[in-house]
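dropping a prediction and its sequence here:
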Amino acid sequence: NESLQTSHPIKIIIKTLDDTEVKIRLINTCDADDENVGILSSISHNSSLPLSRLPIYNVHPDLLLSDPTIIHNSKSNYCKNGGVMTSAGCACPPGFMGTLCELGCGQNRFGQDCGGLCSFRTKECRGVALCSPFIECACAPGYMGDNCNTQCSPGTYGNNCFQQCGHCLYNKPCDIYTGSCDECEVGYLTPQCSEAYVYYSLKPALSSDDYGTMKVSFNPQNGTLGYGTPKIYQIQYKEVGEEWRTYVSRMMPARFHGEEALLEDEVEEVIENLKDGVMYEVRVLFMDANLNKYDGELV
């Protein structure tokens, strides 16, 4: 750690012996009200600005820190909680951290390592606007309004309360600071309950060659979405207005390319003993290795 007391811009050059993760943090002194003012900050190459611009970077030997760029292709933005995808990874809004900005710092916390503290007093982050590289300044997580004094309404959370809660069990509101739920609806991943477990998003192909039978086929290489890897598939069917019935559950067929297991590009099953003149619905469900599955409206 290095200490420096100055009000002037400074320039920092870092040389490393190998690929090293570099993080620079500036902590201001206390203000007039004895409040701790902690600003997570960094330095950019040839910058005359205060230390407030750069997130974490991997720095190669003998190179100065360099600015990343925003990736504008929305399909590449897997960042969560309002994060922005850049050439160096996700740039997280204040109050969230992690590779995908998936972790909320919680009440009265902010910063890339959640080490920042808004206040030692009871007001915590109320009335505080925070800024982060690549992201516009916004109210601290849990607050909104012109003065950032209004708590998020039930069902919303995060900076400026812009984020919507996930599928919390019994429609309970999520935590206004992190978006976490106490419990999730079945089929959703904790803690934010916003991402479903692995599922097949397409309609299976149906055909009938023989009386009382139906051939069901699907391609697991296309249409597989959600969290996790499919290990088991289920074929379910039902008469219109009735409950779903599982016809078969099997291990997902795969072929090996070296040590890598690749899913087969077509799976077929034949449902037998169907009634004549009856309308049936058919769907395909996936399960991961822990038997987690999603069977909601997306399948």
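Received the coordinates, thanks.

mind checking how far the residue lying farthest from the centre of the chain is from residue 274?
The outermost residue of the chain relative to its centre, with distances by CA atoms, centre = their mean, is residue 211 at 47.3 Å. Look at residue 211 and residue 274: by CB to CB, to the nearest Å, they are 9 Å apart. Every C-beta, even on glycine, is put in place using the N, C-alpha and C of the backbone.

likewise residue 151?
Taking CB to CB, one finds residue 151 at 55 Å from residue 274.

also residue 194?
With CB to CB as the criterion, residue 194 and residue 274 are 38 Å apart.

between these two, which one's more packed in?
residue 194 (20 against 15; other CB atoms under 10 Å).

which residues does that one contact?
80, 165, 166, 167, 179, 188 (CB atoms under 8 Å, 6 or more residues apart in numbering).

so what's it scoring on pLDDT?
In this prediction, residue 194 carries a pLDDT score of 94.

what about it, which helix or strand?
Using DSSP states H and E, residue 194 sits within no helix or strand.

shouldn't residue 160 be within a strand?
No: using DSSP: H, G, I helix; E, B strand; the rest coil, the secondary structure at residue 160 is helix, not a strand.

give me the number of residues near it?
Count around residue 160 with other CB under 10 Å applied: 20.

that one touches residue 138, doesn't it?
Yes: Residue 160 is in contact with residue 138 according to CB atoms under 8 Å; the separation is 4.6 Å.

still on that earlier bit, ok, and the closest non-adjacent residue to the residue farthest from the centre of the chain?
residue 276 (7.3 Å; CB to CB, 6 or more residues apart in numbering).

how close does residue 249 get to residue 126?
Counting by CB to CB, the gap from residue 249 to residue 126 is 51 Å.

ok, those two, which is more surrounded?
residue 126 (19 against 12).

host element of that one?
Assigned by DSSP H and E, residue 126 falls outside every helix and strand.

mind listing what it touches?
Here residue 126 is in contact with 140, 143, 148, 149 (CB under 8 Å, 6+ apart).

what segments of this protein are helices?
Using DSSP state H, the chain contains no helices.

show me how it divides into domains.
1-67, 77-109+118-171, 199-287 (automatic domain parsing).

out of those domains, nearest to residue 294?
With CB to CB, the closest approach to residue 294 among the domains of the chain belongs to domain 199-287: 4.2 Å.

span of the closest one from start to end?
Length of domain 199-287, first residue to last, CA to CA, to the nearest Å: 8 Å.

that one: how far from the chain's middle?
28 Å (CA atoms, centre = their mean, to the nearest Å).

who touches the residue most central in space within the chain in this structure?
In the chain, the centroid-proximal residue (CA atoms, centre = their mean) is residue 80; its distance is 3.8 Å. Going by CB under 8 Å, 6+ apart, residue 80 touches 96, 100, 101, 102, 192, 194.

now with 7 Å?
100, 101, 102 (CB atoms under 7 Å, 6 or more residues apart in numbering).

nearest to residue 268, of those residues?
residue 100 (36.1 Å).

got the phi/psi numbers for that closest one?
Torsion angles at residue 100 (phi, psi; degrees, to the nearest 10) stand at phi -110, psi 20.

which residue, neighbours along the chain excluded, lies closest to it?
residue 80 (5.1 Å).

what's the separation between the one you found and residue 275?
46 Å.

over to residue 230?
30 Å.

higher neighbour count, these two?
residue 230 (23 against 9).

residues touching that one, list them.
198, 220, 224, 252, 286, 288.

what number of residues lie near the closest residue to it other than its chain neighbours?
Once flanking residues are discounted, residue 230 sits nearest to residue 286: 3.8 Å by CB to CB, 6+ apart. Residues within reach of residue 286, counting by other CB under 10 Å, total 26.

same check, this time on residue 88
18.

just the one 3 residues further on next, same as before
For residue 91, the number of neighbouring residues by other CB under 10 Å comes to 21.

how far away is it from residue 133?
Distance from residue 91 to residue 133, by CB to CB: 5 Å.

do residue 85 as well
Residue 85 is 13 Å from residue 133, by CB to CB.

for residue 297, same thing?
37 Å.

cool, thanks, talk later.
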